[in-house]
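Asker: Have a look at this prediction, sequence included:
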Amino acid sequence: MGYTVAVVGATGNVGREILNTLAERTFPADRVVALGTDRAVGHEVSYGDDRVLRVEDLGRFDFSTIDIAFFAVEPRLVAAHAARAATAGCVVIDTGPSFRLDPEVPLVVPEVNPQAIAAYKQRYTIATPSPTAVQLALALKPLHDRFTVRRAVVSTYQAVSGEGKEAMDELFTQTRAIFVNDPVSKSVLPKQIAFNVIPQIDGFLDDGATNAEWALNAEIKKLVDPKIKVAATCVRVPVFIGDAASVHVETDQEIGADEALEALRGAAGLSILDKRGTADGYITPVEVAGENPVFISRVRDDSTVENGVAFWSVADNLRKGAALNAVQIAEILARDYLEE
Ligand SMILES: NC(=O)C1=CN([C@@H]2O[C@H](COP(=O)(O)OP(=O)(O)OC[C@H]3O[C@@H](n4cnc5c(N)ncnc54)[C@H](OP(=O)(O)O)[C@@H]3O)[C@@H](O)[C@H]2O)C=CC1
Ligand SMILES: N[C@@H](CC(=O)OP(=O)(O)O)C(=O)O
């Protein structure tokens, strides 16, 4: 006997990746249900290489027969349906922002704070962090355990898929328009993204920061340690899949590139590709699509502070940034908390 699982938003980028990941990792599911809005009902989605699911109507769905429901839809739909799923006794794993900073909801990266999952019982809900927080938490945790991270200064380079399917279409359409000399139009992202970069992800706050920048600091505090400060600039780049970050870390204890590399090399969820002086010695977003780990490269001393290192990190935002992280949480729930 296995578990019953629902994927809400099964036609979206993250929903499809959750179905792929469940099949690839042979999650012990007896029944997997794909759910979507009116426009998706009846559409077919793949579950692994050889199974196809027909999308059912989220609005009419009875969650009482489901053990775990992954939510990968916009917050409006989460607000409308997550509470009724949780009340029906099903554990909601939400990939979006709705519960990330809710004190009654655990925010989890399994390699960083798996113990937090136990608190799912308060609301029958668990949140996965934003993709940039997942990758930053995975890199900061081993450094924090050994050298006590005080502050990180981070610039992100985020893929258009972070804004959903329509933003990916916008990058494609604008790029084609430029090549054939058509006018460039935009409707999803705040400025032209083709052949450009945009220093705005989410809306602005009163102090001039964006919500994404504010949230990265807040999520790292919840995931790793409330004492860590993160100063972030979040930038959208014309890349389809794969978020990258430039990270400068200041620590309490003495640190250098060699010691940092040693700590990072032993950490779960990371893959270190760091060879100096060659383009083969670092990794870029197009090389990580479909890959599970967070890749770390270009680890070096930051001699502008007393104890500091700098590095470059890259990960597939749809996979470890959302779907894989959510499925890993479900695996721990199934193993340690739920009865089949
Ligand atoms: N993308 C990312 O990197 C991350 C996303 N998330 C979260 O996951 C949620 C879903 O994200 P993501 O999967 O990327 O979003 P998508 O835009 O790919 O899809 C989300 C849902 O929106 C509907 N939809 C969107 N665009 C169209 C379209 N052009 N035509 C038809 N339906 C469309 C679909 O629902 P339906 O067919 O049922 O109408 C789909 O399931 C987000 O709200 C976000 O909170 C979290 C972390 C990372
Ligand atoms: N907002 C992130 C992706 C993400 O975290 O989505 P959300 O916060 O809506 O789950 C991006 O645009 O790259």
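Answerer: Thanks, I have the structure now. Numbers count the residues shown, from 1 in each chain. Ligands and ions are numbered 1, 2, ... in the order given.

Asker: what about the residue of the stretch 101-250 of the chain found nearest ligand 2, how many neighbours?
Answerer: At 2.0 Å from ligand 2, residue 162 is the closest residue in the stretch 101-250 of the chain, using C-beta to the nearest ligand atom. For every residue, glycine as well, the C-beta is placed using N, CA and C. Applying other C-beta atoms under 10 Å, we find 24 residues neighbouring residue 162.

Asker: Now it: closest residue in space that isn't a chain neighbour?
Answerer: residue 317 (5.4 Å; C-beta to C-beta, 6 or more residues apart in numbering).

Asker: So the closest residue to ligand 1 within the stretch 201-340 of the chain versus ligand 2, what's the distance?
Answerer: Nearest to ligand 1 in the stretch 201-340 of the chain, going by C-beta to the nearest ligand atom, is residue 322, at a distance of 3.7 Å. Residue 322 sits at a distance of 7 Å from ligand 2 (criterion: C-beta to the nearest ligand atom, to the nearest Å).

Asker: just to revisit the earlier point, for the residue of the stretch 101-250 of the chain closest to ligand 2, which residues are in contact?
Answerer: For residue 162, the contact set (C-beta atoms under 8 Å, 6 or more residues apart in numbering) comprises 131, 201, 236, 243, 317, 321.

Asker: Does the spatially closest residue to the second one that is not a sequence neighbour fall in a helix, a strand, or a coil region?
Answerer: Right, the one you point to is residue 201. Excluding the flanking residues, the one nearest residue 201 by C-beta to C-beta, 6+ apart is residue 212, at 3.9 Å. Using DSSP: H, G, I helix; E, B strand; the rest coil as the criterion, the local structure at residue 212 reads helix.

Asker: list the contacts for residue 212?
Answerer: Counted by C-beta under 8 Å, 6+ apart, residue 212 has contacts 130, 132, 156, 158, 201-202, 232, 234.

Asker: could you redo the last one with a cut-off of 7 Å?
Answerer: Applying C-beta atoms under 7 Å, 6 or more residues apart in numbering, one finds that residue 212 lies in contact with 201-202, 234.

Asker: likewise residue 152?
Answerer: Neighbouring residues of residue 152 by C-beta under 7 Å, 6+ apart: 140, 228, 230, 247-249.

Asker: Report whether the longest helix along the chain contacts ligand 2.
Answerer: Criterion DSSP state H: the longest helix present in the chain is helix 131-147. Yes. Interface with ligand 2: helix 131-147 contributes residue 131 (C-beta under 6 Å from any ligand atom).

Asker: Please consider this matter closed, and thank you.
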